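>>> sequence and predicted structure are below.
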Amino acid sequence: MSIRAPLRKTRLYSTLFGLVVLAACEMPATATKPSETTPSLERSAESMRLQSYYASVQARLQSQGLLRTDGGGPDTPFTAQTLVEDFERIALYDEYTIRNGRFVAQQTPSYLRRWQQPIRIGIIFGEKVDMETRAKDRQNVTNYAARLSRLTGVPISVTNNNPNFHMLFMYRDDQKKVGPVLRSRIPDLTSVVIDEIVASPRNTFCVAYAFSDERNANAYTSAIILVKAEHSDLMRLSCIHEEMAQAMGLANDSPTARPSIFNDDEEFALLTRHDELLLKMLYDRRLRLGMTPLQARPLLPAIAEDVLKGSS
């Protein structure tokens, strides 16, 4: 999702065969003497510059009336036909593709993809993220996971027990060193994804990767989300809302979607009523895994009418 080129939040989707999920998700805290092994929370000049930069971006956007948190209102009406058009573009098109071993922006028709199994969210904090911030981020993830579960019908929990949906909250200093951690905990994770996470540039605010396996290329079995800890509270929460929702299967953005977080204009920071209905449409049983835009199109008007009536 672009904040204004070249600033962006990003979703990337791939197929990963034989994925080994993490056995534990949070980096262990050490209870020994700080002078011996407890990591220092002091951050590099680069990380401090990033924090200042992201704060200035958020302040500018808010001064322009963007990053709304009201979920939409009388000034943002939409109809069932609006939902149909937005759903097709957001759920049935991809924003990125892999070219020459790198992710590149390219809008392409895709297939309907979603989770068919319970989601177990594990949270990995960088060692420089303080305990107060960890508690706040964990609570935000937990609250939002419950909301996504209600909307989609997918059982979602936050747990260290064999997680398959991994959320990383890291400062730049931690991000640079996370490669070996990811390799040891997810042995089959591709080098493309690891390199993208380790080297994620300043203009990528947060990023999500969702994976399927060889049994069904359209059923998600795992996901990884990176949220940069340099963000202030609102932008971190915005990243949680957008990336977790996109990792449920809403893979794309649309410049006409409103009120929506799946839009490049950054008008809304948090999931809206419009977006909730898109999630309900995605997990409607009348739609099947692997449907193309052409196959899904005849079913969408009735589904959109139903979810819209059900929300009123």
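Sure thing, it's come through. Numbering: from 1, shown residues only.
>>> so where's this protein shaky on pLDDT?
The model of the chain has pLDDT under 70 over residues 1-39, 96-106, 312.
>>> list the buried residues for stretch 180-191?
Of all the residues in stretch 180-191, those buried under the rule 16 or more other Cβ atoms under 10 Å are 181-182, 185-186, 189-190. C-beta here means a position set from N, CA and C on the backbone, and glycine is covered the same way.
>>> one more: stretch 167-182?
The neighbour-count check on stretch 167-182 (16+ other Cβ under 10 Å) flags 167-176, 178-179, 181-182 as buried.
>>> ok, stretch 73-93 next?
Within stretch 73-93, the residues that count as buried by 16+ other Cβ under 10 Å are 76, 78, 80, 82-93.
>>> ditto for stretch 280-300
Residues of stretch 280-300 classed as buried: 280-282, 284, 287, 289, 291, 293, 296, 299-300 (neighbour count, 16+ other Cβ under 10 Å).
>>> among the buried residues of stretch 73-93, which ones are in helices?
Using DSSP state H, the subset of these located in helices is 80, 82-91.
>>> with adjacent residues omitted, what lies nearest to Leu271?
Nearest residue to Leu271, sequence neighbours excluded (Cβ to Cβ, 6 or more residues apart in numbering): His241, at 4.8 Å.
>>> what's in contact with stretch 128-137?
39-43, 47, 123, 125, 169-171, 173-174, 227, 229, 233, 236, 240 (Cβ atoms under 8 Å, 6 or more residues apart in numbering).
>>> which ones are touching Glu46?
Contacts for Glu46 were tallied using Cβ under 8 Å, 6+ apart; they are 172-173.
>>> and it, helix, strand or coil?
At Glu46 the chain is in helix, as set by DSSP: H, G, I helix; E, B strand; the rest coil.
>>> and it, how far is that from Lys228?
Glu46 is 12 Å from Lys228, where distance means Cβ to Cβ, to the nearest Å.
>>> list the residues that contact both of those two?
Residues within reach of Glu46 and of Lys228 at once, by Cβ under 8 Å, 6+ apart, are Arg172.
>>> hey, where'd the helices end up in the chain?
Ranges of helices in the chain, per DSSP H, are 45-63, 80-91, 131-152, 172-175, 179-185, 191-198, 233-246, 273-282, 293-296, 300-311.
>>> let me have these in a markdown table, extended by distance to Asn218.
Putting the helices of the chain into a markdown table (distance: least, Cβ to Cβ, whole Å) gives the following:
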| stretch | distance to Asn218 |
| --- | --- |
| helix 45-63 | 35 |
| helix 80-91 | 12 |
| helix 131-152 | 16 |
| helix 172-175 | 30 |
| helix 179-185 | 24 |
| helix 191-198 | 19 |
| helix 233-246 | 16 |
| helix 273-282 | 12 |
| helix 293-296 | 12 |
| helix 300-311 | 17 |
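>>> from memory Arg120 sits against His166, does it?
No: using Cβ atoms under 8 Å as the test, Arg120 is too far from His166 to be in contact (9.6 Å).
>>> the spatially most central residue of the chain and Glu305, how far apart?
Nearest to the geometric centre of the chain sits Glu243, at 1.4 Å (Cα atoms, centre = their mean). Applying Cβ to Cβ, the value for Glu243 to Glu305 is 29 Å.
>>> list the contacts for the residue nearest to Glu276 when sequence neighbours are not counted?
Nearest residue to Glu276, sequence neighbours excluded (Cβ to Cβ, 6+ apart): Leu151, at 5.5 Å. For Leu151, the contacting residues are 276, 279-280, 283, by Cβ under 8 Å, 6+ apart.
>>> all set, thanks.
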